[in-house]
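>>> would you be able to build a 3D model of this:
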Amino acid sequence: MITLKSDREIELMKKSGKILADVHIQLRDLIKPGIDMWKIEEFVRTFIEGKGAIAAQIGYEGYKYATCISINDEICHGLPRHQILKNGDLVKVDMCVNLDGGISDSCWSYAVGRPSKDVKQLMEVTKTALYKGIKQAAVGNRIGDIAHAVQTYAESFGYGVVRAFVGHGIGPTIHEAPVVPHYGKAHHGMRLKEGMTITIEPMINMGDWQMRETLDKNAWTAYTKDGSLSCQYEHSIAITAKGPQILTSQGEEETY
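So this is what the prediction gives:
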């Protein structure tokens, strides 16, 4: 069931999203060569709880951590662990915040040290694809319009768009209907209505779009099938009469 949100509910989600965005902004300075990945998990949980909010991923379907931290060829759902980050790594940090029932969800990618030109391009294309999808998140458009905008842009660079993981509705829980894929046909799929809240979160691979099943004991982490790097950016969005409202804004969308 899709829950249409009131202005009050959207405002509460935006307050939650502000906390989440502030965490990501702080991570820009924290994530550097030589840092132990586990320190990212500790920082995020302390920051969120210090704001009177809840790290909403903890306990979700048995998950134990405040973050998913995925590195290089890990597509998503990487577990935080003791691992030293090195120059050139590509790190994705995904998290959810619950503030008085207002839920927000956002993933951001970080280059560790000095990224190669290829990594920089992958990051820029993935982020741009996100905003091209957001632009289509307007009342009266269809989910396929979002998907088509993301896919056509990313594939124009020869990249693969992950199929197995998609965006979703958000609120009152982390994962709600509808499913929001990042591949598909324009003018197809569910029509977007005012009050819907969704995530758009393209996962773009430098190589093929396919993934392989996890080989880890944790049974969470997904990897690219061909071992290529994967990048992800995600925002929580409200569909409003005035256009898409980014609930997890870091201010960077002004340049897109």
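
>>> wait, what's in contact with the closest residue to residue 100 other than its chain neighbours?
Once flanking residues are discounted, residue 100 sits nearest to residue 12: 6.3 Å by CB to CB, 6 or more residues apart in numbering. C-beta coordinates here come from the backbone N, C-alpha and C atoms, glycine included. For residue 12, the contact set (CB atoms under 8 Å, 6 or more residues apart in numbering) comprises 99, 100, 101, 102.

>>> now the element after the helix or strand containing residue 12, going C-ward?
For residue 12, the host element (DSSP states H and E) is helix 7-30. Next in sequence after helix 7-30, counting helices and strands by DSSP H and E, comes helix 37-50.

>>> for that following helix, name the packing helices and strands.
Applying 3 or more CB pairs under 8 Å, 6 or more residues apart in numbering; DSSP states H and E, we find helix 37-50 packed against helix 7-30, strand 54-55, strand 67-71, strand 90-99.

>>> identify all contacting residues around it.
Residues from elsewhere that reach helix 37-50 (CB under 8 Å, 6+ apart): 19-20, 22-23, 26-27, 30-31, 54-55, 58, 65-67, 69, 71, 80-85, 91, 93, 95, 97.

>>> PyMOL command to pick out the buried ones of these?
In PyMOL, this line selects whichever of those come out buried by 16 or more other CB atoms under 10 Å:
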select buried, resi 19+20+23+27+31+54+55+65+66+67+69+71+80+85+91+93+95+97
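
>>> name the SS class of residue 238, please.
Secondary structure for residue 238, judged by DSSP: H, G, I helix; E, B strand; the rest coil, is strand.

>>> which residues of the stretch 51-200 of the chain score low on pLDDT?
The model of the stretch 51-200 of the chain has no residue with pLDDT under 70.

>>> where do the helices sit along it?
For the stretch 51-200 of the chain, helices defined by DSSP state H, counting those that start in this stretch occupy the ranges 117-135, 143-155.

>>> how about the helices and strands packed on helix 37-50 in CSV, adding distance to residue 182?
Shown next, in CSV, are these (distance: least, CB to CB, whole Å):
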stretch, distance to residue 182
helix 7-30, 20
strand 54-55, 26
strand 67-71, 16
strand 90-99, 15
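
>>> nearest to residue 108, out of the ones you listed?
Using CB to CB as the measure, helix 7-30 is the one of the helices and strands packed on helix 37-50 that comes nearest residue 108, at 4.7 Å.

>>> what's the angle between that closest one and helix 37-50?
Angle of helix 7-30 versus helix 37-50, following axes from the mean of the first three to the mean of the last three CA atoms, to 10 degrees, is 140 degrees.

>>> now for residue 22: which residues touch it?
Contacts of residue 22 by CB under 8 Å, 6+ apart are residue 47.

>>> please repeat the previous calculation with a cut-off of 7 Å.
When the contact criterion is CB atoms under 7 Å, 6 or more residues apart in numbering, residue 22 has no partners at all.

>>> just the pLDDT for it.
On pLDDT, residue 22 comes in at 98.

>>> burial measure for the nearest residue to residue 166 once chain neighbours are set aside, as a count.
Distances taken as CB to CB, 6+ apart place residue 181 nearest to residue 166, at 4.5 Å, with adjacent residues excluded. Applying other CB atoms under 10 Å, we find 22 other residues in the vicinity of residue 181.

>>> cool, and residue 193?
Residue 193: 11 neighbours (other CB under 10 Å).

>>> if I pick it, what's in contact with it?
Residues in contact with residue 193 (CB under 7 Å, 6+ apart) are 4, 139, 239.

>>> let's see 8 Å
Residues near residue 193 by CB under 8 Å, 6+ apart: 2, 4, 139, 239.
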